[in-house]
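>>> quick one: sequence plus predicted model below, questions after.
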Amino acid sequence: MFERAKTVDNTNSADKINKQFASNPIASKNEKISSDIIIEKVQKLNSCHDQNSKSEKISEIIDYINNLPVQDLLSLMSSENEILRSLAGKSYVDKSSEFSVDKLEFMLKDDNEFIRDSAVMALCYVNSNEVLDLLTEATKDKSTAIKIKAIAGIADIAAECSDSRAKEILANFLNDSNDEVRQFASDELSFLN
């Protein structure tokens, strides 16, 4: 379900990544080196036309991101590129010894929409009742995209944990003032029934 909530912007990803890190004056030297390597890998991916080679290059990017230190992952979670934010968020959650729901809760309150978006994506990857309250809180975000991702995460919990109150929370969005949110909640509930 969360997979359906993700959108992929195929406009020149390398330019977006370049812009993000070039415009971030507080990026540390290590973060800049990490971002340069990722930019180079994305540029190679963009220039590749063979599907098998593309798959290999995507795996290289994922492996590289998975091996970044937590601080670099947190930096990537503020990227303008949704795919990088998602990969960084997933990697952050997967590093369970360093993973912190408290950190994600703090990130949900950030002024930067990209950071809030990354926090929601990371919470969706957790996919357990322990983050249900945080996802519910994220549905109050002013960004419809963030709200829909949080609803997708709630739907995933409802699908995974049949005794969860997630389905009940999801049903509340059938009366939302936003048509897109109502439709998304309706679609998600139809998959659960």
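Looks like it arrived, so ask away.
>>> what number of residues lie near residue 120?
Look at residue 120: counted by other CB atoms under 10 Å, it has 33 neighbours. Any C-beta I mention is one placed from the backbone N, CA and C, and that applies to glycine too.
>>> show me the domain layout of the chain.
10-96, 100-193 (automatic domain parsing).
>>> redo those domains as TSV? Include mean pLDDT.
Supplementary listing: these in TSV, determined by pLDDT from 0 to 100:
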stretch	mean pLDDT
domain 10-96	72
domain 100-193	91
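>>> deepest of the ones you listed, which one?
domain 100-193 (a mean of 18; mean count of other CB atoms under 10 Å).
>>> so how far is the first residue of it from its last?
33 Å (CA to CA, to the nearest Å).
>>> how far is it from where the chain is centred?
Here the centre of mass of C-alpha atoms in domain 100-193, compared against the chain's by CA atoms, centre = their mean, to the nearest Å, lies 12 Å away.
>>> swap in stretch 44-54?
In terms of CA atoms, centre = their mean, the centre of stretch 44-54 is found 24 Å from the chain centre.
>>> could you tell me the end-to-end distance of that stretch?
9 Å.
>>> residue farthest from the centroid of the protein?
Distance to the chain centre peaks in the chain at residue 50, reaching 27.0 Å (criterion: CA atoms, centre = their mean).
>>> can you give me phi and psi for it?
Per-residue torsions, residue 50: phi -90, psi 130 (degrees, to the nearest 10).
>>> same question for residue 139.
Dihedral angles (degrees, to the nearest 10) for residue 139: phi -70, psi -10.
>>> now do the contacts for it.
When contacts are counted by CB atoms under 8 Å, 6 or more residues apart in numbering, residue 139 is found next to 147, 150, 151, 154, 173.
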